[in-house]
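Chemist: Okay, here's the prediction I keep looking at, along with the sequence it came from:
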Number of protein chains: 2
Amino acid sequence: MTDHPHGRGQLMADCRLRAATDLLTHGWDPVVLAALRDGPQRRHQLRTAIGTISEKVLTQTLRRLTDAGLITAQRYAQAPPRVDYALTALGTSFLEGPMAALAAWITRHGDELLQAQEHRIPH
Amino acid sequence: MTDHPHGRGQLMADCRLRAATDLLTHGWDPVVLAALRDGPQRRHQLRTAIGTISEKVLTQTLRRLTDAGLITAQRYAQAPPRVDYALTALGTSFLEGPMAALAAWITRHGDELLQAQEHRIPH
């Protein structure tokens, strides 16, 4: 990449970077992924585990993560209909890779980050 | 955290998570951080290294990263005035931690992610 004159600009032309950072942009995505870490969950179980998420936002988050291929919705034909949400292999790799690294960084440096923002010089 | 009934919701109440994910939300932030990996750079050097960034966006990006404490602007009183941008220890840790993990994941799984999005079922 460093041989290319626009090497670092190229990085952004890469749709894969955009798609991946989008997953961290939506605040609830990491939380829902983390809630599925220990195995498939039904919707009401996710609600209970997460606590403060609204029904609407939970619906949007589950849809976005399904679209991205990070989770699957397994539908069971029973009454009442049952849907289990589970991590895919891709979802697990995202949780264990970038998300774990971000969480570790926040644990270690999050206070510094907030402190810098509070003490910033007005422009 | 798991002992708390709203444990995973708590994660989002954490401003540090929001502040850190914001750094990945702005598309050019990682690119500018990466461009500073090998040492301080003047503005025109960044422009050359990155290639496709506009003056306006570069200004906004440098300001945001400075506000977040990830880079510093070192001003030299000379004519014409000279400003060197450099990573702080916090910036280096972000580059080497979460950003490196995200880049590694994209290299390995980025195509799967795009493929899933292209084949998604319309809702």
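Modeler: Yep, that arrived.

Chemist: Now the longest helix anywhere in chain A: buried residues?
Modeler: When chain A is parsed with DSSP state H, its longest helix is helix A:100-118. Applying a neighbour-count criterion of 16 or more other Cβ atoms under 10 Å in any protein chain shown, one finds A:101-103, A:105-106, A:109-110, A:112-114, A:116 buried in helix A:100-118. Every residue, glycine included, has its C-beta placed from N, CA and C.

Chemist: And the closest residue to A:Met99 other than its chain neighbours, how far from B:Pro98?
Modeler: In this structure, A:Met99 finds its nearest non-sequential neighbour in A:Pro30, 5.6 Å apart by Cβ to Cβ, 6 or more residues apart in numbering or on different chains. Distance of A:Pro30 to B:Pro98, given as Cβ to Cβ, to the nearest Å: 12 Å.

Chemist: Comparing these two, which residue is more hemmed in?
Modeler: In this view A:Pro30 and B:Pro98 are compared by other Cβ atoms under 10 Å in any protein chain shown, and B:Pro98 has more residues nearby, 27 against 23.

Chemist: who's in contact with the more buried one?
Modeler: With contact set as Cβ atoms under 8 Å, 6 or more residues apart in numbering or on different chains, B:Pro98 has these partners: A:98, A:101-102, A:105, B:20, B:24.

Chemist: got it, and A:Arg42?
Modeler: Contacts of A:Arg42 by Cβ under 8 Å, 6+ apart are A:82-85.

Chemist: how about 6 Å then?
Modeler: Contacts here follow Cβ atoms under 6 Å, 6 or more residues apart in numbering or on different chains; on that basis A:Arg42 touches A:Asp84.

Chemist: Distance of it relative to A:Pro80?
Modeler: Taking Cβ to Cβ, one finds A:Arg42 at 11 Å from A:Pro80.

Chemist: Check A:Ala101 too.
Modeler: A:Ala101 is 40 Å from A:Pro80, by Cβ to Cβ.

Chemist: before we move on, the earlier item: keep only the buried residues of helix A:100-118 that also lie close to chain B.
Modeler: A:101-102, A:105-106, A:109-110, A:112-114, A:116 (Cβ under 6 Å from any Cβ of the partner chain).

Chemist: Just name the closest of these to B:Leu65, please.
Modeler: A:Ala116 (10.2 Å; Cβ to Cβ).

Chemist: Relative to A:Ala79, how far out is the closest one?
Modeler: The gap separating A:Ala116 from A:Ala79 is 55 Å, by Cβ to Cβ.

Chemist: rewinding a little: for the longest helix of chain A, packing partners?
Modeler: helix B:15-25, helix B:89-94 (3 or more Cβ pairs under 6 Å, 6 or more residues apart in numbering or on different chains; DSSP states H and E).

Chemist: Output the below-cut-off pLDDT ranges for chain A.
Modeler: A:1-19, A:22-23, A:25-26, A:120-123 (pLDDT under 70).

Chemist: Residues contacting stretch A:63-83, please?
Modeler: A:84-88, A:90-91, A:94, B:116, B:120.

Chemist: Can you list the buried residues in it?
Modeler: So stretch A:63-83, judged by 16+ other Cβ under 10 Å, has buried residues A:64-71.

Chemist: can you name the two of these that are farthest apart?
Modeler: Across the buried residues of stretch A:63-83 (Cβ to Cβ), the longest gap, 10.8 Å, separates A:Arg64 and A:Gly69.

Chemist: distance of the closest residue to A:Ile71 other than its chain neighbours from A:Ala104?
Modeler: Among residues not flanking A:Ile71 along the chain, A:Leu65 sits closest, at 4.5 Å (Cβ to Cβ, 6+ apart). As judged by Cβ to Cβ, A:Leu65 and A:Ala104 stand 22 Å apart.

Chemist: And for A:Trp28?
Modeler: For A:Trp28, the distance to A:Ala104 - Cβ to Cβ - is 20 Å.
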